[in-house]
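> Quick check, what structure comes out for this input:
(one chain, ligands or ions: 1)
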Amino acid sequence: SRTSLWGGRFAGGPAEALARLSVSVQFDWRLAPYDLAGSRAHARVLAHAGLLDAEELGQTLAALDDLEAACASGSFRPTVDDEDVHTALERGLLERLGSLGGKLRAGRSRNDQVATDLRLYLRDHARGVASRLVELASVLVEQAAQHVETPAPGMTHLQHAQPVTFGHWLLAHVQPLLRDLDRLRDWDKRTAISPLGAGALAGSSLPLDPVVVAKELGFTTSAANSMDAVADRDFVAEFLFITALAGVHLSRLGEEVVLWTSQEFGWVELDDAFATGSSIMPQKKNADIAELARGKSGRLIGGLVTVLTMLKGLPLTYDRDMQEDKEPVFDAVDTLELLLPALAGMIATMTVRVDRLAAAAPVGFTLATEVADWLVRRGVPFRDAHEVTGKLVSLCVTRDCALDELSDDDLRQVSPLLTPEVGTVLSVESALASRTTPGSTGPGPVADQLASVQDKLEGW
Ligand code: ARG
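Modelled structure (predicted):
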């Protein structure tokens, strides 16, 4: 027969269809170590309140240790009759302690328990996700360090725009990851609040100090409102926003690697270990990791939408709908733990084709802005400078030539303002070297940016 937590009031066990719908142990079992940690803290606070004597506390803690070892070794497993992780572990405790095992239920409910377990799990795993983000950011930085002076055609609208250094481009993928790391750190401050002590929703009539329990579990303090403590899933939604946004960042990096490794770009060659082949086309080398980065952002965004939709309009306090909060966050953690190391390996081992990048850098009149800026430095209003330079580009298009291939006569004919000295700005090198302001793409500011990013990553 089904071990039930509410036997007294009920004439019989739950219907099979209810049990099958209701069971969550197949996915919430991963909360077991955190549930056991919560039980240890709760046992101590019960003893402190005189509700367990010293011997009972000793026996309870020993049984919890034994149960934890049995869970770790796999000798204790949830069964089909266990509804959730809390039910399963209570069964394990009762098997070890007999009726003494039932004392731990005092002053605690699955409502404050599950909220506590999930906070503990996420705070722990957010640290793991953060380390993987740091690893990816670090290999991007290592690649960037090789390309502080490598020219590339910077783009807007996927059209050649202005020359940039490839190191600057790679660091432009690091900056969002640093913000993701910042967000995780900030999220942790709000998540470090313990719901234990809230009980089902109203707190406890027993003299249990929730602040002591909170501190023991590594939280900063306990919840200010017992109703909010069991109703609040902001920490889940916020975590899913952070992982969804990180997923978006990874998808943009992934999309660029797909482009860079295409025949048409040919800027980057992936290491064989981080690329895939085709079962039919022997020549193929595909950037599947980059594509999976792009694709998996969908499920990360989906998880956020799932939880926000589930929470919307729920009456306070706990509602069973909230059991649906776990699979999306577990999936987000699993997805990033799989994806980030693969992306890091791919970036660390890729070869950048400096020759192809440099050759592409001036293509598409990316130096046109240099001409306009040169005119501005000579006192020409930018509006007129833009017009003159546009005519110059138009002449090149007609002639099918590059800006630096026009003669002094051609220049003069377009505008008397265009003296031969304009030739000094018509190189990618000079365009890059002239970008000296903080945050811009010149080798100088990129070296500064690199140093500051390395600093931040080392401090993580
Ligand atoms: N499995 C439940 C969940 O994940 C635990 C809390 C159940 N509480 C309750 N009163 N039914 O949300």
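
> need the residues of the protein near the ligand, please.
S24, D28, D84, R110, N111, V114, Y318, R320, M322, Q323 (C-beta under 6 Å from any ligand atom). Using the backbone N, CA and C atoms, a C-beta is placed for each residue, glycine as well.

> can you map out the strands along the stretch 151-300 of the chain?
Using DSSP state E, counting those that start in this stretch, the strands of the stretch 151-300 of the chain run over 151-156, 159-165, 193-194, 221-222, 268-269.

> Quick one: buried ones out of the residues of the chain next to the ligand?
S24, D28, D84, R110, N111, V114, Y318, M322, Q323 (16 or more other C-beta atoms under 10 Å).

> Put together JSON lines for the residues of the chain next to the ligand, with pLDDT and secondary structure on each row.
JSON lines is the format used below for the residues of the chain next to the ligand (pLDDT from 0 to 100; DSSP: H, G, I helix; E, B strand; the rest coil):
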{"residue": "S24", "pLDDT": "96", "secondary structure": "coil"}
{"residue": "D28", "pLDDT": "97", "secondary structure": "helix"}
{"residue": "D84", "pLDDT": "95", "secondary structure": "coil"}
{"residue": "R110", "pLDDT": "96", "secondary structure": "helix"}
{"residue": "N111", "pLDDT": "97", "secondary structure": "helix"}
{"residue": "V114", "pLDDT": "98", "secondary structure": "helix"}
{"residue": "Y318", "pLDDT": "97", "secondary structure": "coil"}
{"residue": "R320", "pLDDT": "97", "secondary structure": "helix"}
{"residue": "M322", "pLDDT": "98", "secondary structure": "helix"}
{"residue": "Q323", "pLDDT": "98", "secondary structure": "helix"}
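
> any chance of these in a markdown table, plus distance to C396?
Formatted as a markdown table, the residues of the chain next to the ligand follow (distance: C-beta to C-beta, whole Å):
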| residue | distance to C396 |
| --- | --- |
| S24 | 67 |
| D28 | 65 |
| D84 | 70 |
| R110 | 73 |
| N111 | 71 |
| V114 | 67 |
| Y318 | 69 |
| R320 | 69 |
| M322 | 64 |
| Q323 | 65 |
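
> which stretches of the protein aren't confidently modelled?
Counting by pLDDT under 70, the chain has low-confidence residues at 1-4.

> Remind me which helix or strand the residue with the largest distance to the centre of it belongs to.
Residue farthest from the centre of the chain, counting by C-alpha atoms, centre = their mean, is D409 at 56.3 Å. Element membership for D409 (DSSP states H and E) is helix 408-414.

> now that helix: how far from the chain's centre is it?
Mean-position distance between helix 408-414 and its chain equals 54 Å (C-alpha atoms, centre = their mean, to the nearest Å).

> Need the contact partners of that helix.
Contact with helix 408-414 is made by V388, K391, L392, L395, L418, T419, P420, V422, as judged by C-beta atoms under 8 Å, 6 or more residues apart in numbering.

> JSON lines for those, including secondary structure and neighbour count?
Compiled in JSON lines, those are given as follows (DSSP: H, G, I helix; E, B strand; the rest coil; neighbours: other C-beta atoms under 10 Å):
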{"residue": "V388", "secondary structure": "helix", "neighbour count": "18"}
{"residue": "K391", "secondary structure": "helix", "neighbour count": "13"}
{"residue": "L392", "secondary structure": "helix", "neighbour count": "22"}
{"residue": "L395", "secondary structure": "helix", "neighbour count": "16"}
{"residue": "L418", "secondary structure": "coil", "neighbour count": "22"}
{"residue": "T419", "secondary structure": "coil", "neighbour count": "13"}
{"residue": "P420", "secondary structure": "helix", "neighbour count": "11"}
{"residue": "V422", "secondary structure": "helix", "neighbour count": "21"}
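
> Make JSON lines out of those and add distance to V305.
Below are the contacts of helix 408-414 laid out as JSON lines (distance: C-beta to C-beta, whole Å):
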{"residue": "V388", "distance to V305": "51"}
{"residue": "K391", "distance to V305": "50"}
{"residue": "L392", "distance to V305": "50"}
{"residue": "L395", "distance to V305": "52"}
{"residue": "L418", "distance to V305": "55"}
{"residue": "T419", "distance to V305": "59"}
{"residue": "P420", "distance to V305": "60"}
{"residue": "V422", "distance to V305": "54"}
